[in-house]
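*Asks:* fold the following, please.
(chains A and B)
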Amino acid sequence: MILKKLINMKDIMNVEEIKNILKKFKTERSYILNALHAIQNANPYKYLSEEALIEVAKHFNLTKAQVFGVVTYYSMFSYKPRAKYIIRVCKSPVCYMKNSMNLINYLQELVSKDNSNTFIVENSECLGLCNKAPAMMINEEIYTDLTVEKVNQIIEFYKSKSL
Amino acid sequence: MNSKYPKVVLKNFGIIDPFSIDSYIQNGGFEAFKKALKLNRIDVIDEIKKSGLRGRGGAGFFTGLKQNYTISSCEECTERFVICNADEGEPGTFKDKLIMENDPFVIIEGILISAYAIDATKGFIYIRGEYDKSIQVIQNAIDQAYEKGFLGKKILNTNFSFDIELFLGAGSYLCGEELTLIESLEGKRGYPRIKPPFPAEKGLWNKPTLINNVETFSNIPYIIQNGSEWFSSIGTSESKGTKLFCLSGNIKNTGVYELPFGISLREIVYDIGGGMLPGYEFKGAILGGAAGTFVNDNFIDVPMAFETLKSIGATLGSGAIIVIDQKTNLLKLLINIIEFFKHESCGKCVPCRIGTTLIYNKLKYNKLTENEFNWILEQSEYMARTSLCPLGQSPILPVKSAIKYFKKKLLAYGK
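*Replies:* Residues are numbered from 1 along each chain as shown, chains lettered A, B, ... in the order given. As a prediction, this is how the structure comes out:
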């Protein structure tokens, strides 16, 4: 339901905006990951729309299938709308041993109650924060030594921020 | 706390401002690079060779030899590249991030010296996309190095010109493997290439390419500045210098520590790490991350060096030390590691794609007896023999060592 609503809002990020971002990158294929990151980060729903894929293909002189192939390989990219805040919880051995799976389940439940599509919970491989496990990132912010209480506070903070 | 140990890579740690190239220069920064520029290229490589420096990314190949191959593989080539592998993704490893966030300039200086030594024209730093802070610090360091004339055309009024650009990964563990990283840097899906040819012969765009880990590059300026003899006086007979160890688990002082090769696990856990947290007993460790090996508490006095660990069938890998205690559920931990490989397998080689799933299913959904474990060993050995890249070759390491050292415990969970 939420997804459908978003897809209809096609002009969330218009083609001009995408083109302006692409102008900053040279047209050699090497720069494609950097460009995809820039476009995805600028999108309020942190994803790569079909228009974006078409523009990226034109810019780098690739087929749309080639761009799609790149996007689907890398787990940080999404071609489906996500949310304003991407919560990445680490599930690698050290965080896992410190019960990060419980946190992921808890967060997923917490977020599913919130219908505003402000948050999406993803799990991530090692975030390099093993000395302060369990850890997560919300967009670019890092949160460590997590407990359920701490997670509650963090989510409340983001909710009040996005009002 | 550990001032009795020599500092190499982390010498500037906490002293310089990572956002200010001036503070790096005031602390002796770029002196090694200036010194190298006055030497012949071959002499720079010789110095690195004599130092005995080995790659810090996991494989432990001799850095000087790699440099030598890269320059001699194609003498008529006009283009050579240097890549800094900052795609630190090995579970339990967080040392490169620490260097990048605290002393980005030493990495740039190390790349510059290496580039001069192999007559390279361009450098690339490939950082994993999740390391947002590292990305910002490194980009700022590159910009400042251009402003000060350490990068660009005719550096410091010599004939040496060199550029560095920053590239981001996007969440693929496999892209930490050198040839896969090169594929990714070319803007493609991260599929491994067949080796040989090695990057030293045919790397980025099929040109000779030198690719080293962040920590490896960070050692180079100090070797050039203080000499290979000074460097090789630290460490053991076959592992020279220091290593950054990443200590995690239920231990008092978790974190990254720079220690000389040859130090024992006991010293790391009890002296440096301050011992176990109350209520936890040391039962062993995983050395080198997910693509590493389990050891039990019998190995607590083994010196931590490439050759000594190899002789007991263990690996040093990236320097990760994940401490295991009596409450650790080893079966769940092993399943977690295999699930990781299953998720990160790119699918190019059938044995790896299917093998990781089969082993995962077996561990997760079966009653585990001796037979099951033998079957798992067989499968992972088969994968190790028939997969192209280190990902498919790795599950054997944790699987075999876990079964070897913790069989009783694993069988008990299986019941």
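
*Asks:* please make it C-alpha for all contacts and neighbour counts, starting now.
*Replies:* Will do.

*Asks:* and the closest residue to B:Pro104 other than its chain neighbours, how far from B:Gln144?
*Replies:* Distance criterion C-alpha to C-alpha, 6 or more residues apart in numbering or on different chains; nearest residue to B:Pro104, sequence neighbours excluded, is B:Ile138 at 5.7 Å. Counting by C-alpha to C-alpha, to the nearest Å, the gap from B:Ile138 to B:Gln144 is 10 Å.

*Asks:* helix or strand right after the helix or strand hosting A:His37?
*Replies:* Here A:His37, judged by DSSP states H and E, is contained in helix A:32-42. Next along the chain after helix A:32-42, taking DSSP H and E as the criterion, comes helix A:50-60.

*Asks:* next helix or strand past that following helix?
*Replies:* According to DSSP H and E, the helix or strand after helix A:50-60 is helix A:64-73.

*Asks:* output the longest helix belonging to the chain.
*Replies:* Because you didn't say which chain, this covers chain A. helix A:148-162 (DSSP state H).

*Asks:* actually it's chain B I care about, not the one you picked
*Replies:* Under DSSP H, chain B gives helix B:396-414 as its longest helix.

*Asks:* that one - what's its average pLDDT?
*Replies:* Mean per-residue pLDDT for helix B:396-414: 93.

*Asks:* check stretch A:37-50 too.
*Replies:* On average, stretch A:37-50 scores 94.

*Asks:* for it, give me every contacting residue.
*Replies:* Here stretch A:37-50 makes contact (C-alpha atoms under 8 Å, 6 or more residues apart in numbering or on different chains) with A:12-13, A:18, A:21-22, A:36, A:52, A:77-84.

*Asks:* buried members of those residues into PyMOL, please.
*Replies:* Restricted to buried positions by 16 or more other C-alpha atoms under 10 Å in any protein chain shown, the PyMOL selection for the contacts of stretch A:37-50 reads:
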select buried, chain A and resi 13+18+22+36+52+77+78+79+81+82+83+84
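
*Asks:* if we can go back for a sec, what helix or strand does the residue nearest to B:Pro104 sit in?
*Replies:* helix B:132-147.

*Asks:* can you tell if the very next helix or strand once past that helix touches chain A?
*Replies:* Per DSSP H and E, the first helix or strand lying C-terminal to helix B:132-147 is strand B:163-168. Yes - using C-alpha under 8 Å from any C-alpha of the partner chain as the criterion, contacts between strand B:163-168 and chain A involve B:Phe167, B:Leu168.

*Asks:* ok, and what's touching strand B:163-168?
*Replies:* Contacts of strand B:163-168 (C-alpha under 8 Å, 6+ apart): A:31, A:33-34, B:121-129, B:138-139, B:142, B:151-152, B:185.

*Asks:* got the contact list for the residue positioned nearest the centre of chain B?
*Replies:* Chain B has B:Gly57 as the residue nearest its centroid, 1.9 Å off, counting by C-alpha atoms, centre = their mean. The neighbourhood of B:Gly57, defined by C-alpha under 8 Å, 6+ apart, consists of B:Asn212, B:Asn213, B:Val214, B:Glu215, B:Thr216, B:Gly317, B:Ser318.

*Asks:* if we use 7 Å, what do you get?
*Replies:* By C-alpha atoms under 7 Å, 6 or more residues apart in numbering or on different chains, the residues touching B:Gly57 are B:Asn213, B:Gly317, B:Ser318.

*Asks:* likewise B:Cys175?
*Replies:* B:Leu181, B:Ser184, B:Gly190.

*Asks:* confidence score at residue 12?
*Replies:* With no chain named, the answer covers chain A. 68.

*Asks:* I was after chain B.
*Replies:* For B:Asn12, pLDDT reads 95.

*Asks:* residues from chain A in reach of chain B?
*Replies:* Counting by C-alpha under 7 Å from any C-alpha of the partner chain, the positions of chain A adjacent to chain B are A:29-34, A:69-70, A:73-76, A:92-94, A:126, A:128-131, A:140.

*Asks:* no further queries at this time; thank you.
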